[in-house]
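S.K.: Please work out how this folds:
(one chain, ligands or ions: 2)
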Amino acid sequence: MNVLEGIRARNFLVIGRVGMDLSPDPAGTRTRDASSMMVAMGGSSANIAAGLVKFGCKAALVTKVSDDAVGWYCLGQLDHYGIDRGHVKTVTGEYRTSLAVYETRVEEHQSVIYRNNAADFQMDIANVEAVDYASYGALITAGTVFAAEPSRTAAFRAFELARASGLPIIFDVDYRPYSWPSPQVAEEVLSRAGSLADVIVGNDEEFGFMAGGIEMGLSKARDLAGSSAAIVVYKMGPEGAITFFDGQEIRTGIYPVDALKPTGAGDSFMAGLLASLSEGRDMRDAVLRGSACAAIVVSRPGCAPAMPDTEQLEAFLASHPGPTPV
Ligand SMILES: Nc1ncnc2c1ncn2[C@@H]1O[C@H](COP(=O)(O)OP(=O)(O)OP(=O)(O)O)[C@@H](O)[C@H]1O
Ligand SMILES: O=C(O)C[C@@H](O)[C@H](O)C(=O)CO
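M.R.: Residues are numbered from 1 along each chain as shown. Ligands and ions are numbered 1, 2, ... in the order given. Have a look, this model is predicted:
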């Protein structure tokens, strides 16, 4: 199956965590002053899955959650969003489902993520070997699954099994330093994962990190597109993105908005990009729609709850003056 064909099957296997997000309510409140919290499903992989389902795609998650009230909350939320959780297993003992406390504010924004003894890192080979890869169109994962064992080995095994079934591998670099034993290990492991992926999405810092220096990030993205990957998206925050596809370098801008928070932009971008490609849209249009999805999420509270469906995305595009010129 080629990469676009796999995406067009609109049936994604998403590997990685689901967690609980808490944000002081109302928007603007600092955590230290909070008396009320908005609660929502979080975790970058689950967020991507939720975004895809909102666009009418199918998404199944592979991970582990704790067998406690927070884990059960996540299972309920996966059902709420319509994400298949047949491969979400519970783990007993002192492992805990990921918890994020982030502020809905941009200035002096605080995002505190609790991942001590994270349950999702207990995903193991048995978890990923239980999946029938041939029944999906593409595999998606985000970098944190590689940060610790047994999750790292299991995720590489999932890559092998996906590849053997002809599924394209879609990789959001999503480098979060706090989960890794050291930057050196992260650089080596994320580069290995990147070299195995067909679609790689990351920001300038993440490509720079894999390359060993921010100034080498763009060349790293270009090299990956020239060797192993069919699609590489190099995001540059407010400067937009450069997408390497089919021998072209496609530059796109962003849809400027008044951001309420920075969180969730990358997850929403990925969901919007893939959903748009799955609808047969061309690459430039798909990247721009991904950017619009990200802009929508940063301008509302919550991550998964803020992600748009087709109608909301169309309404945003119709009312927005358009992307920044490139
Ligand atoms: N303030 C903003 N206004 C409009 N678009 C934005 C804004 N912030 C981010 N975006 C869009 O979101 C995209 C992804 O943002 P970014 O590169 O920060 O992702 P990320 O670092 O992976 O995000 P995160 O890890 O917080 O989910 C950008 O390429 C841009 O299109
Ligand atoms: O991915 C995480 O663990 C944090 C999330 O829960 C939160 O929704 C976020 O930061 C999204 O990028």
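
S.K.: got a pLDDT number for residue 112?
M.R.: Looking at residue 112, its pLDDT is 97.

S.K.: Look at the residue nearest to it when sequence neighbours are not counted and give its secondary structure.
M.R.: Closest residue to residue 112 apart from its sequence neighbours, by C-beta to C-beta, 6 or more residues apart in numbering: residue 101 at 4.7 Å. (Glycine included, C-beta is placed from N, CA and C.) Assigned with DSSP: H, G, I helix; E, B strand; the rest coil, residue 101 falls in the strand class.

S.K.: This protein against ligand 2: which residues are in contact?
M.R.: Selection of the chain residues close to ligand 2 by C-beta under 6 Å from any ligand atom yields 19, 21, 42-44, 47, 98, 100, 113, 263-264, 266-267, 303.

S.K.: So which of the residues you listed belong to strands?
M.R.: 19, 21, 42, 100, 113 (DSSP state E).

S.K.: Identify the residue nearest the geometric centre of the protein.
M.R.: Geometric centre of the chain, nearest residue: residue 267, 4.0 Å, by C-alpha atoms, centre = their mean.

S.K.: what's the spacing between the closest residue to residue 278 other than its chain neighbours and residue 45?
M.R.: Closest residue to residue 278 apart from its sequence neighbours, by C-beta to C-beta, 6+ apart: residue 10 at 4.6 Å. Here the criterion is C-beta to C-beta, to the nearest Å. By it, residue 10 lies 18 Å from residue 45.

S.K.: Compare neighbour counts for the two and give me the winner.
M.R.: residue 45 (28 against 19; other C-beta atoms under 10 Å).

S.K.: which residues in the stretch 1-150 of the chain form strands?
M.R.: 11-15, 19-24, 37-42, 58-66, 84-91, 99-102, 111-114, 138-142 (DSSP state E, counting those that start in this stretch).

S.K.: quick one: contacts of the first one?
M.R.: Contacts of strand 11-15 with the rest of the structure, by C-beta atoms under 8 Å, 6 or more residues apart in numbering, involve 45-46, 48-49, 52, 57-63, 83, 123, 128, 131, 133, 135-141, 145, 155, 158, 162, 167, 274.

S.K.: Without its sequence neighbours, what residue ends up closest to whichever residue of the stretch 201-326 of the chain sits closest to ligand 2?
M.R.: Among the residues of the stretch 201-326 of the chain, residue 303 lies closest to ligand 2, at 3.9 Å counting by C-beta to the nearest ligand atom. Counting by C-beta to C-beta, 6+ apart, residue 303 lies nearest to residue 264, which is 3.2 Å off, once chain neighbours are set aside.

S.K.: For the one you found, grab the count of nearby residues.
M.R.: Close neighbours of residue 264, defined as other C-beta under 10 Å, add up to 28.

S.K.: got a list of what it touches?
M.R.: 47, 294, 297-298, 302-304, 306-307.

S.K.: go on, residue 238?
M.R.: Neighbouring residues of residue 238 by C-beta under 8 Å, 6+ apart: 254, 256, 324.

S.K.: where does it land in three-state SS?
M.R.: Three-state assignment for residue 238 (three-state DSSP): helix.

S.K.: Provide a list of residues in contact with the one residue in the stretch 1-150 of the chain that gets nearest to ligand 1.
M.R.: At 6.9 Å from ligand 1, residue 44 is the closest residue in the stretch 1-150 of the chain, using C-beta to the nearest ligand atom. Residues near residue 44 by C-beta under 8 Å, 6+ apart: 16-17, 142, 144, 172, 174, 266-267.

S.K.: one more time with 10 Å, if that's ok
M.R.: By C-beta atoms under 10 Å, 6 or more residues apart in numbering, the contact set of residue 44 is 14, 16-19, 98, 100, 141-145, 172, 174, 176, 264, 266-267, 270, 303.

S.K.: Return a ChimeraX selection command for the buried portion of the residues you listed.
M.R.: Buried members of the contacts of residue 44, identified by 16 or more other C-beta atoms under 10 Å, are gathered into one ChimeraX selection as follows:
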select :14,16,17,18,19,98,100,141,142,143,144,145,172,174,264,266,267,270,303
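
S.K.: Please flag which of the contacts of residue 44 sit within helices.
M.R.: The helices, defined by DSSP state H, take in 266-267, 270 from the contacts of residue 44.

S.K.: Pull the number of nearby residues for the closest residue to ligand 2 within the stretch 1-150 of the chain.
M.R.: Of all residues in the stretch 1-150 of the chain, the one sitting closest to ligand 2 is residue 42 (2.5 Å; C-beta to the nearest ligand atom). Using other C-beta under 10 Å, residue 42 has 29 neighbouring residues.

S.K.: Beta-bridge partners for the residue nearest to it when sequence neighbours are not counted, please?
M.R.: Nearest residue to residue 42 in three dimensions, chain neighbours excluded: residue 21, at 3.4 Å (C-beta to C-beta, 6+ apart). Bridge pairing for residue 21 (DSSP bridges) gives the partners residue 40, residue 100.

S.K.: near ligand 1, which residues of this structure?
M.R.: Going by C-beta under 6 Å from any ligand atom, the residues of the chain near ligand 1 are 203, 235, 237, 241, 254-257, 259, 262-267, 269, 291, 294-295, 298.
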